[in-house]
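Chemist: With the sequence up front, the predicted model follows.
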There are 2 protein chains.
Amino acid sequence: MPPTAAEPLTPERILETTEEVLRRFGPTKATVVDVARALGVSHGSVYRHFPSKAALREAVTDRWLAKSVVVLERIASAPAESAPSKLEAWLEALFAAKRHKAGDDPELFATYTVLLAENSGTVEQHLTELIDQLARIIAQGVADGSLAAPDVPAAARAVFDATGRFHDPQYAAEWFSPTILAEFEAVTALVIRGLRA
Amino acid sequence: MPPTAAEPLTPERILETTEEVLRRFGPTKATVVDVARALGVSHGSVYRHFPSKAALREAVTDRWLAKSVVVLERIASAPAESAPSKLEAWLEALFAAKRHKAGDDPELFATYTVLLAENSGTVEQHLTELIDQLARIIAQGVADGSLAAPDVPAAARAVFDATGRFHDPQYAAEWFSPTILAEFEAVTALVIRGLRA
DNA sequence: CGGGTGACAGATATTGAAATCTGTCATCCG
DNA sequence: CGGATGACAGATTTCAATATCTGTCACCCG
């Protein structure tokens, strides 16, 4: 890795390089010294922009999670569809996105799974966003009479919890079983039926 | 640990002692030599009764799982109640049992969690039994018209999957959050509503 | 002869010394 | 003076030597 030529050292550049280093070395071997080396600076310089290795890794995690919300956000905000089919589409999109991430580059996915485990606070925030999206879909359904939920945020949370097997990375190994799709559809159908008016 | 006096060396006694050794030393440090020492025999003797350390640990796992099915079996086979409330009672009993095991002796629970992870085949069998119990409850409900399910085994499986957060040991840490009971009830209610006729 | 033994080979785990890393800071440079 | 540096202390990781464990087996004993 040729040290990058002298451009201003920004948090942004450090984050990009950290991602790269994590991708190449994995979560256990990637060090702040590696990141500094890849940037062609001393590791002390990295500490000017991030207070600790943990903070740096957390920032990377945050960035990665932020990206993955975008697709789902689009579905949640789509105007056309009925709430039940929007709900189904959203759950399918979530599962498909996770499955692809896990399948396309298992090592990178494993790396991020480790990062997620060490940044439960950041993950929690991210989950809150996702559950908010679900709540908006459910609220729409309640408004138009297609869904029933006495407590919309609680229902959103329940839907998210009930489908955990299909988005929690701890289950990633099972996402490639031949029966997983049938299982996903059974749970999804059950949950949506439970919400119908 | 005073070596036990000379009684016939049976698989049963070996299993008991292995449990004891696992309890005291934990899953990583417990060895076949330890078990033999505790029994006052040579480790070669243990290998007369179990072909490998893995088989021995699997037998212990199996034993432990078998015990934990009994309580639930009683609920599943109870004659009186309606299917929906039986379903709810069963799910509550499952969660309560797991929660108690995890809370009463966290170290032992952690030990068994490790054992479970290394014996996925045995676990799968056990899960099949549990899902069968669910299927029987749902079938009863379909028969008496209180529940609707086009495919009873699939529905049972879906109920089990949807409530994973409340029985999968991977989530044990969350079982003592102050909001967990509300979450459990929300998911349970959602799922049961989804099954109602 | 069924059941137990202990010595053995290869695999795995432990240990402690050396290397590397994290985080700080006095110092330097433009 | 803002930003980078590299030397440093203490924490963590690596590595290789050593010890322990797993699984086998020829042998022994009641």
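Modeler: Ah, there it is.

Chemist: What strand or helix carries the residue nearest to the spatial centre of chain A?
Modeler: By CA atoms, centre = their mean, the mean C-alpha position of chain A lies nearest to residue A:65, the distance being 4.3 Å. Using DSSP states H and E, residue A:65 maps to helix A:53-77.

Chemist: Now do that helix: distance to the chain's middle.
Modeler: 6 Å (CA atoms, centre = their mean, to the nearest Å).

Chemist: and that helix, is it in reach of DNA strand D?
Modeler: No. On the criterion CB under 7 Å from any atom of the strand, helix A:53-77 is out of touch with DNA strand D, staying 10.3 Å away. C-beta coordinates here come from the backbone N, C-alpha and C atoms, glycine included.

Chemist: which residues of chain A score low on pLDDT?
Modeler: A:1-6 (pLDDT under 70).

Chemist: What residue in it comes nearest to DNA strand D?
Modeler: Chain A approaches DNA strand D most closely through residue A:44 (2.4 Å), counting by CB to the nearest atom of the strand.

Chemist: what comes into contact with stretch A:143-162?
Modeler: A:82-84, A:87, A:91, A:127, A:130-132, A:134-135, A:138-139, A:141-142, A:167, A:187, A:190-191, A:195-197, B:162-163, B:165, B:182-183, B:186-187, B:189-191 (CB atoms under 8 Å, 6 or more residues apart in numbering or on different chains).

Chemist: Show me which parts of that stretch are buried, residue by residue.
Modeler: For stretch A:143-162, the neighbour count (16 or more other CB atoms under 10 Å in any protein chain shown) marks A:146-147, A:149, A:152, A:154-162 as buried.

Chemist: got it, and stretch A:167-180?
Modeler: Buried residues in stretch A:167-180, defined by neighbour count with 16+ other CB under 10 Å: A:167, A:168, A:169, A:171, A:172, A:175, A:180.

Chemist: Can you pick out the most distant pair from those?
Modeler: Greatest spatial distance among the buried residues of stretch A:167-180 (CB to CB): A:169 and A:180, at 14.5 Å.

Chemist: still on that earlier bit, and the buried residues of stretch A:167-180 as a markdown table, adding distance to DNA strand C and secondary structure?
Modeler: Below are the buried residues of stretch A:167-180 laid out as a markdown table (distance: CB to the nearest atom of the strand, whole Å; DSSP: H, G, I helix; E, B strand; the rest coil):
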| residue | distance to DNA strand C | secondary structure |
| --- | --- | --- |
| A:167 | 30 | coil |
| A:168 | 28 | coil |
| A:169 | 23 | helix |
| A:171 | 26 | helix |
| A:172 | 25 | helix |
| A:175 | 28 | helix |
| A:180 | 31 | helix |
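
Chemist: which one of those is nearest residue A:61?
Modeler: residue A:169 (12.3 Å).

Chemist: my guess is the closest one meets residue A:116, correct?
Modeler: Yes. Contact criterion CB atoms under 8 Å: residue A:169 and residue A:116 qualify, at 6.4 Å.

Chemist: Near DNA strand C, which residues of chain A? Just list them.
Modeler: A:31, A:32, A:33, A:34, A:43, A:44, A:47, A:51, A:52, A:53, A:54.

Chemist: same thing but at 6 Å, please
Modeler: A:31, A:32, A:33, A:43, A:44, A:47, A:52, A:53, A:54 (CB under 6 Å from any atom of the strand).

Chemist: contacting residues for the residue of chain A closest to DNA strand D?
Modeler: Contacts of residue A:44 by CB under 8 Å, 6+ apart are residue A:36.

Chemist: distance of it from residue A:29?
Modeler: Distance, residue A:44 to residue A:29, by CB to CB, to the nearest Å: 21 Å.

Chemist: Same check on residue A:128?
Modeler: In terms of CB to CB, residue A:128 sits 32 Å off from residue A:29.

Chemist: Ok, residue A:85 next?
Modeler: 45 Å.

Chemist: Count the residues that sit near the closest residue to residue A:10 other than its chain neighbours.
Modeler: Spatial nearest neighbour of residue A:10, chain neighbours left out: residue A:49 (7.6 Å); criterion: CB to CB, 6 or more residues apart in numbering or on different chains. Residues lying near residue A:49 (other CB atoms under 10 Å in any protein chain shown) number 16.

Chemist: All the strands of chain A, residue numbers only.
Modeler: Counting by DSSP state E, chain A forms no strands at all.

Chemist: and the residue nearest to residue A:195 when sequence neighbours are not counted, bridged to which residues?
Modeler: Spatial nearest neighbour of residue A:195, chain neighbours left out: residue A:147 (4.8 Å); criterion: CB to CB, 6+ apart. The partner list for residue A:147 in beta bridges (DSSP bridges) reads residue A:196.

Chemist: can you give me the helices for chain A?
Modeler: A:11-29, A:32-39, A:43-49, A:53-77, A:83-104, A:106-118, A:120-143, A:152-162, A:180-195 (DSSP state H).

Chemist: Output those helices as TSV; include the columns distance to residue B:21.
Modeler: Output for these, formatted as TSV (distance: least, CB to CB, whole Å):
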stretch	distance to residue B:21
helix A:11-29	31
helix A:32-39	42
helix A:43-49	46
helix A:53-77	38
helix A:83-104	37
helix A:106-118	30
helix A:120-143	34
helix A:152-162	37
helix A:180-195	38
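
Chemist: So which of the ones you listed has the densest surroundings on average?
Modeler: Mean neighbour count, computed with mean count of other CB atoms under 10 Å in any protein chain shown, is highest for helix A:152-162 among these, reaching a mean of 23.

Chemist: now it and helix A:120-143, what's the angle there?
Modeler: Helix A:152-162 runs at 120 degrees relative to helix A:120-143, counting by axes from the mean of the first three to the mean of the last three CA atoms, to 10 degrees.

Chemist: From the chain's centroid, how far away is helix A:152-162?
Modeler: 17 Å.

Chemist: Now residue A:197: closest residue in space that isn't a chain neighbour?
Modeler: residue A:148 (4.3 Å).
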